[in-house]
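**Q** model this:
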Amino acid sequence: MVWIPGGTFCMGSDTQYPEERPVHRVTVDGFWMDRLPVTNERFQAFVEATRHPTFAEIPPNAADYPGARPDMLYAGSLVFVKPPGPVDPNDYSAWWRYLRGADWRHPRGPESTLVGLEQHPVVHVTCGDAEAFARWAGKALPTEAEWEYAARGGLDGAAYAWGDEFLPDDRYRANTWQGQFPWQNLVSDGYEGTSPVGAFPPNGYGLFDMIGNVWEWTTDWYRPQHPRELVKACCIPRNPMGGREHESYDPCQPEIKIPRKVLKGGSHLCAPNYCRRYRPAARMPESIDTSACHVGFRCIVRVGTDDCTGR
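**A** The predicted structure follows:
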């Protein structure tokens, strides 16, 4: 783990996506953070020790999904499938598939394995799966503010985790998408899917893969914009739901009350023509019952305050 010194920084962005606004000053206490995302190898050790079944391996309860087709209520997860040519960018079904048998052991579908992917970030984990690993490891998941502060690496206000230029010295600093998403990946950075953790240079705090590769879970319930006031965000609420889970429901699905949490960092599927979320300020909502092939996590340990033990 790496020690992240506490401090005050400008969180968010006023120049990118609406959900990143407004920029506001936030103070965080110091904490320890994993240098790398949790890998398949580390997650396998956790599963072998605890026999934890991930959410993607458990058939859904029909009562939780009113109106769902019975033939869709099977254990599985979301997998990106590259279309053969240009498609409607507003039609997510053109590249996302909910595949039976896709899970952390089978990241590309039921016939795939982890052979050669031991040092890649674990994927197909929900927020609950990530929290279970963190408890087993004696750690915690970061808040959104803690994650963004760490990702900036001391470069307060910079567009990227390494500065304001996306390709300094014409070198890729993160695993992202090059070409026209979702059908053309030029693989200019060397990787079509996930990359081994630590394949790109670290940020100013010595953290690897804070940008790109996989999105990472945080503890914050998603809200469509940041608050405006100065916030001290050193710790998670005593009540894990924080009294705000109802604000995180997807307004496009009012009949299904599944809260969403904040993902940070972008992934290997983020592209300039579609999703410029390979930045510290970027954020995305994800339902707590959802797992996908581009979502993982890392952990922190909080020290030095009564309420921020992370235990």
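
**Q** can you count the residues close to the nearest residue to Pro227 once chain neighbours are set aside?
**A** Nearest residue to Pro227, sequence neighbours excluded (Cβ to Cβ, 6 or more residues apart in numbering): His24, at 6.5 Å. Heads up, the C-betas are built off the backbone N, CA and C, glycines and all. Residues near His24, counting by other Cβ atoms under 10 Å, number 16.

**Q** my guess is His24 contacts Met11, does it?
**A** Yes. Counting by Cβ atoms under 8 Å, Met11 is a contact partner of His24 at 5.9 Å.

**Q** Need the overlap of contacts for those two.
**A** His226 (Cβ atoms under 8 Å, 6 or more residues apart in numbering).

**Q** returning to that earlier point: angles on the backbone of the residue nearest to Pro227, please.
**A** Backbone torsions of His24, given as degrees, to the nearest 10, read phi -150, psi 150.

**Q** In the protein, which residue is most central in space?
**A** The residue lying closest to the centre of the chain (Cα atoms, centre = their mean) is Glu216, at 2.1 Å.

**Q** That one bridge partners, please.
**A** Lys264, Gly296 (DSSP bridges).

**Q** Can you name the residues that contact it?
**A** Residues counted as contacts of Glu216 (Cβ under 8 Å, 6+ apart) are Pro37, Trp147, Leu263, Lys264, Gly265, Val295, Gly296, Phe297, Arg298.

**Q** Mind picking the two most distant members of these?
**A** Farthest-apart pair in the contacts of Glu216 is Trp147 and Val295; separation 13.7 Å (Cβ to Cβ).

**Q** List the contacts of the residue of the chain positioned farthest from its centre.
**A** In the chain, the greatest distance from the average C-alpha position (Cα atoms, centre = their mean) is reached by Pro70, at 29.5 Å. Pro70 makes contacts with Ala62, as judged by Cβ under 8 Å, 6+ apart.

**Q** Can you list phi and psi of it for me?
**A** Torsion angles, degrees, to the nearest 10, at Pro70: phi -60, psi -30.

**Q** go on, Gly212?
**A** Backbone geometry at Gly212, expressed as degrees, to the nearest 10, gives phi 70, psi -170.

**Q** Going forward, the N-terminal residue is numbered 862.
**A** Noted, 862 is the first residue going forward, which turns the last one into Gly1073.

**Q** Any figure for the gap between it and Val942?
**A** 20 Å (Cβ to Cβ, to the nearest Å).

**Q** Those two - which one has more neighbours?
**A** Using other Cβ under 10 Å as the criterion, Gly1073 and Val942 rank with Gly1073 on top: 28 against 13.

**Q** Not counting residues beside it along the chain, what's closest to that one?
**A** Residue nearest to Gly1073 in three dimensions, not counting chain neighbours: Ala1035, with 3.4 Å by Cβ to Cβ, 6+ apart.
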